[in-house]
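# Return atomic coordinates for the entry below.
(one chain, ligands or ions: 2)
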Amino acid sequence: ADAFLSVRDLRVRFSTEDGVVKAVDGLSFALERGTTLGIVGESGSGKSVTNLTVLGLHNPATTTIDGEIVLDGKELLTATEAEFERLRGNKMAMIFQDALTALSPYHTVGRQIGEPFRKHTGASRKEARERAIEMLEKVGIPHAGQRVDDYPHQFSGGMRQRVMIAMALVCDPDLLIADEPTTALDVTVQAQILDLLKDLQQEFGSAIIMITHDLGVVADMADDLLVMYAGRAVERGTVREVLKSPQHPYTWGLLASMPRLSADVDEPLTPIPGAPPSLLTPPSGCPFHPRCAFRGEVEGSGRCVDVRPDLPVQGRGAACHLTMDQKTRIFTGTIRPR
Ligand code: SF4
Ligand code: MG
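Ligands and ions are numbered 1, 2, ... in the order given. Take a look at the predicted model:
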């Protein structure tokens, strides 16, 4: 059967005063119904752009998109704005990092949660208010019957994030896109929100795309992982595969901040030196080569600067010219890099 969401060879380019930015450069992935895909990468890796494109929230005047995005059999890149209006908030919904920018300060939370419900179901104001109270209860807001008439600023950061989740789930979407949903919160509240999302996913059965720079956020939450770098996917696998035996040097660098996961390696990993590349003038060959400690003298690695390694279109893999054996030998010092 076809995947619930399928993205094939997606390319997103922005025209800017300085030139064309290749924000997403040939990305493919698939998402099954009711499962969670973690998309991990630094800012500028293309992970947010990809998802704004899925939601049809890009600026058509400055954006060029090629490829294919199919949601439940519907091709989205040819969808009209009216079709996106029907899909957004209904079949697919989004939660953002910052609830204060997603929620209006001028309307009660009950009104804001109820509005998409009225719009997509034709419910009355009274029904929408009841639904809003029910949703506030589901996301764990105490005294929902009173709090429904409060304004966003009357809630704490964590509670506001819960309100935004209530708003996103009010129409029982098949796809929920969460972009750094817990980044602004302290660690305890972050864990509570992730637990809540897991529970609600069980109840609502939504597929989730969880976008984050933090592998820790997706470790317990996602089924599959996609690691993005410079607008491309560099590694893909189940969460277990990627965290237990990462294959791409960039993923190894990301894991450096999670030392318990590199327990089979004697030496501690060092964070990745350097910065992500400019997408105006992306590096030749492997986009990671300017920062990669593994390119160099090893047989085959001469191609790193000239030839772009590809990720297999589906299944487990990494976009890297070196075999795992070569990288492991460099890593353990059996052969010396550069
Ligand atoms: Fe590093 Fe070369 Fe692999 Fe790119 S292809 S990640 S430069 S070893
Ligand atoms: Mg982002």
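# How many residues are close by the closest residue to residue 230 other than its chain neighbours?
Nearest residue to residue 230, sequence neighbours excluded (Cβ to Cβ, 6 or more residues apart in numbering): residue 287, at 3.8 Å. Where C-beta positions appear, they are placed from N, C-alpha and C, glycine not excepted. Using other Cβ atoms under 10 Å, residue 287 has 24 neighbouring residues.
# measure residue 287 to residue 46 for me?
11 Å (Cβ to Cβ, to the nearest Å).
# Name the residues contacting each of those two.
230-232 (Cβ atoms under 8 Å, 6 or more residues apart in numbering).
# Can you select the buried ones among those for me in PyMOL?
In PyMOL, this line selects whichever of those come out buried by 16 or more other Cβ atoms under 10 Å:
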select buried, resi 230+231+232
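# Sitting in helices, which of the shared contacts of residue 287 and residue 46 do you find?
Judged by DSSP state H, helices contain none of these.
# list the contacts for the closest residue to ligand 1 within the stretch 51-200 of the chain?
Across the stretch 51-200 of the chain, no residue is closer to ligand 1 than residue 67, which sits at 23.1 Å (Cβ to the nearest ligand atom). Neighbouring residues of residue 67 by Cβ under 8 Å, 6+ apart: 7-11, 26-27, 77.
# Check those for burial and list the buried ones.
Among these, the ones that count as buried (16+ other Cβ under 10 Å) are 7, 10-11, 26-27.
# now the strands for the stretch 201-338 of the chain?
207-212, 224-229, 232-238, 317-318 (DSSP state E, counting those that start in this stretch).
# tell me the SS of the residue of the stretch 51-200 of the chain closest to ligand 1?
Recorded secondary structure, residue 67: strand (DSSP: H, G, I helix; E, B strand; the rest coil).
# what bridges to the nearest residue to it once chain neighbours are set aside?
Counting by Cβ to Cβ, 6+ apart, residue 67 lies nearest to residue 10, which is 3.9 Å off, once chain neighbours are set aside. Following DSSP bridges, residue 10 is listed with bridge partners residue 27.
# Now do residue 10 against residue 322, distance only.
Using Cβ to Cβ, one gets 26 Å for the distance from residue 10 to residue 322.
# now residue 123
Residue 123 is 57 Å from residue 322, by Cβ to Cβ.
# next one: residue 294
Distance from residue 294 to residue 322, by Cβ to Cβ: 6 Å.
# so what's residue 144 closest to, chain neighbours aside?
residue 136 (3.7 Å).
# picking that back up, which of the contacts of residue 67 sits closest to residue 198?
residue 7 (23.9 Å; Cβ to Cβ).
# Helices of the stretch 151-300 of the chain, start to end?
157-169, 187-204, 215-219, 239-244, 249-255 (DSSP state H, counting those that start in this stretch).
# Distance to residue 316 for the ones you listed - can I get that in JSON lines?
Listed next are these as JSON lines, based on distance: least, Cβ to Cβ, whole Å:
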{"stretch": "helix 157-169", "distance to residue 316": "31"}
{"stretch": "helix 187-204", "distance to residue 316": "24"}
{"stretch": "helix 215-219", "distance to residue 316": "17"}
{"stretch": "helix 239-244", "distance to residue 316": "6"}
{"stretch": "helix 249-255", "distance to residue 316": "12"}
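# can you tell which of those helices is closest to residue 40?
When the helices of the stretch 151-300 of the chain are compared (using Cβ to Cβ), the closest one is helix 215-219, at 5.7 Å.
# which helices and strands does that closest one pack with?
strand 36-40, strand 207-212, helix 239-244 (3 or more Cβ pairs under 8 Å, 6 or more residues apart in numbering; DSSP states H and E).
# Is the residue most central in space within the chain bridged to anything, and to what?
The centroid of the chain falls nearest to residue 211 when counting by Cα atoms, centre = their mean (2.1 Å). Judged by DSSP bridges, the bridge partners of residue 211 are residue 39, residue 179.
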